[in-house]
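*Asks:* Starting from these lines, generate the structure:
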Amino acid sequence: MINYSMALNYYFNQIPGQEPWRNNLIYTSLISDDKKTFVQWYHNDSEYHAGKNQVVDPTKMEEKWLREVNYITQMRNVYPDLVPTIINIDLSSRKLYLEIDGPDFWQQSLDGNCTFDEVLPDWQEQMLNIIKAHRSLGLWKYSMHPSSYFIVDGKLKSINYFFTYRDNENNISIKDVESHIYSTRQDELKKHITSLGIEWDKPQPFELLNELCWQSFSNMYPKDFIEKAKCIK
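*Replies:* Below is the predicted model:
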């Protein structure tokens, strides 16, 4: 049973030479003192977001919360080794408690001033297996930033399912979801939409948005990995 008396603190990513960087643009990220519990709190905390809250519509926040719970639970039920252990889902406060073991995958590379390979030698194979699992369930997950993973016992664990859609859902436009795409990420997307034949404000096939998503991460992942990821249909 979860210990509700444990201390929870804001969780920021620490980028060398910069101010603490909020870990997520939608929810408020919390972590326990012992770094063993991560909490996704679907709450617009203006202190955490420093007044730059991006999803301020309560209806949109509720939708994102429900997607998070729905899809990480589906993953837990079918692929329990690919997501963190769910300690608790507090529906009343919209808090998802996850079992972790230290900072996220991206933060570990920042802390060690090292490559992903040095953090976890087989990370590419593991991440590709997670993407394959998503597709086997008919899911398109667009939160693919390296901070969307934790490492527990040498295994990548996937989080951030608020930006996930099913094959049979209505297509979306980028404009529909731009409130939770950071400005620099939007700039990266705009570099590729013309070549892919994408219009910002018109619904697009999920597969095409998936290709655009990976193109936008070309500055964060090796090119060969991105090409492999894009081939998973």
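*Asks:* C-alpha only now, for contacts and for neighbours.
*Replies:* OK.
*Asks:* My read is that Trp214 contacts Lys230, right?
*Replies:* Yes. Assessed by CA atoms under 8 Å, Trp214 is found in contact with Lys230 at 6.9 Å.
*Asks:* When those two are compared, which one has more neighbours?
*Replies:* More neighbours surround Trp214 than the other of Trp214 and Lys230, with 22 against 18 (other CA atoms under 10 Å).
*Asks:* pLDDT wise, what is the closest residue to the more buried one other than its chain neighbours at?
*Replies:* Of all residues not flanking Trp214 in the chain, Ile226 sits nearest, at 6.2 Å (CA to CA, 6 or more residues apart in numbering). Per-residue confidence (pLDDT) for Ile226: 97.
*Asks:* Could you do the one 4 residues further on as well?
*Replies:* At Lys230, the model reports a pLDDT of 95.
*Asks:* helix/strand/coil for the closest residue to it other than its chain neighbours?
*Replies:* Nearest residue to Lys230, sequence neighbours excluded (CA to CA, 6+ apart): Glu211, at 5.9 Å. The local conformation at Glu211, judged by DSSP: H, G, I helix; E, B strand; the rest coil, is helix.
*Asks:* quick one: contacts for the residue nearest to Trp214?
*Replies:* Neighbouring residues of Ile226 by CA atoms under 8 Å, 6 or more residues apart in numbering: 214-215, 218.
*Asks:* mind checking the backbone torsions on it?
*Replies:* For Ile226, the backbone dihedrals (degrees, to the nearest 10) come out as phi -60, psi -40.
*Asks:* Residue ranges in this protein under the pLDDT threshold?
*Replies:* Across the chain, residues meeting the criterion (pLDDT under 70) sit at 1-5.
*Asks:* Now do the helices in the protein.
*Replies:* 58-78, 105-112, 116-119, 123-136, 174-177, 183-190, 193-196, 206-216, 223-230 (DSSP state H).
*Asks:* Tell me how far the fourth one lies from the chain's centre.
*Replies:* Its chain's average C-alpha position is 14 Å from that of helix 123-136, according to CA atoms, centre = their mean, to the nearest Å.
*Asks:* Now it - C-alpha only, PDB.
*Replies:* Below are the C-alpha coordinates for helix 123-136, written out as PDB (Å, rounded to 0.1, in the frame of the first residue of the first chain):
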ATOM      1  CA  TRP A 123      18.500   1.000 -25.100                       C
ATOM      2  CA  GLN A 124      17.800   1.000 -28.900                       C
ATOM      3  CA  GLU A 125      16.700  -2.600 -28.900                       C
ATOM      4  CA  GLN A 126      14.600  -2.000 -25.800                       C
ATOM      5  CA  MET A 127      12.900   1.100 -27.100                       C
ATOM      6  CA  LEU A 128      12.100  -0.500 -30.400                       C
ATOM      7  CA  ASN A 129      10.500  -3.400 -28.600                       C
ATOM      8  CA  ILE A 130       8.300  -0.900 -26.700                       C
ATOM      9  CA  ILE A 131       7.300   0.800 -30.000                       C
ATOM     10  CA  LYS A 132       6.500  -2.600 -31.400                       C
ATOM     11  CA  ALA A 133       4.300  -3.400 -28.400                       C
ATOM     12  CA  HIS A 134       2.400  -0.100 -28.900                       C
ATOM     13  CA  ARG A 135       1.700  -1.000 -32.500                       C
ATOM     14  CA  SER A 136       0.600  -4.600 -31.500                       C
END
